[in-house]
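Engineer: Sharing a model that was predicted from the sequence below.
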Amino acid sequence: MKTELMKVCLLALVVLMTTTVQADTLLPPCPGSPNCVSSQAIDGHRIEPFRITGDSRSAFERLRRILSQRSDTRITAAGETTIRVEFRTTLEFVDDGLFMLDAANNLIQVRSAARLGYWNLGKNRRRMELIRKSFVAK
């Protein structure tokens, strides 16, 4: 009985550790509306993550600098592995952006979603691709 209990506890610990590690790079899912893109989506919301070459911490800092220089972007929170931003459209709508360092896979996971409405005519996807272009160029 004690051996079985130990096995169950050990299995639970392994599952918990695995879940914790994965949660560090999981983005919130996109809603059903088409005004969201995510590198972890498996449907029409899918956008490729940013690929990192070289040191992942340096690459993430480079991305933070790129975002801070954009006139339509305000960084609301930045840590070692996460950057949260607000994007403002020309019509003053606010979209939320999230960038998460996935150093184990040499990726930056990305998500951008409109706060209001249903359609955004692909603005989130176009914006993320422009940021990717700047990130790759530097």
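Structural biologist: That came in fine, so what should we check first?
Engineer: tell me, what residue is most central in the protein?
Structural biologist: V110 (3.0 Å; C-alpha atoms, centre = their mean).
Engineer: ok now do it, which residues does it touch?
Structural biologist: 27, 37-39, 47, 49-50, 97-100, 128 (C-beta atoms under 8 Å, 6 or more residues apart in numbering). To be clear about C-beta, it is placed using only N, CA and C from the backbone, and glycine gets the same treatment.
Engineer: Let me know the helix or strand that it is in.
Structural biologist: Secondary structure from DSSP states H and E places V110 in strand 107-114.
Engineer: That strand: what's the following helix or strand?
Structural biologist: Taking DSSP H and E, what comes next after strand 107-114 is helix 123-137.
Engineer: May I see the buried residues of that following helix?
Structural biologist: Neighbour counts over helix 123-137 (16 or more other C-beta atoms under 10 Å) mark 123-125, 127-128, 131-132, 135 as buried.
Engineer: Assess the claim that M100 and E80 are in contact.
Structural biologist: No. Contact criterion C-beta atoms under 8 Å: M100 and E80 do not qualify, at 10.8 Å.
Engineer: So for these two, which sits in the more crowded spot?
Structural biologist: Using other C-beta atoms under 10 Å, the more surrounded residue of M100 and E80 is M100, with 22 against 10.
Engineer: ok but the more buried one is inside a helix, no?
Structural biologist: No. Applying DSSP: H, G, I helix; E, B strand; the rest coil, one finds M100 to be strand, outside a helix.
Engineer: Quick check: chain neighbours aside, which residue is closest to it?
Structural biologist: Q109 (4.4 Å; C-beta to C-beta, 6 or more residues apart in numbering).
Engineer: And for D24?
Structural biologist: Using C-beta to C-beta, 6+ apart, the closest residue to D24 is T81 (6.7 Å).
Engineer: just K123 next, same as before
Structural biologist: T89 is the one closest to K123 (C-beta to C-beta, 6+ apart), at 6.4 Å.
Engineer: Can you get me a residue count around the one you found?
Structural biologist: Neighbour number of T89 under other C-beta under 10 Å is 14.
Engineer: The one 5 residues further on now?
Structural biologist: When counting by other C-beta under 10 Å, one arrives at 12 neighbours for V94.
Engineer: Give me the sheet partners of the strand holding V110 and which way each runs.
Structural biologist: According to DSSP bridges, strand 107-114 forms sheet pairs with strand 36-38 (antiparallel), strand 50-51 (antiparallel), strand 94-102 (antiparallel).
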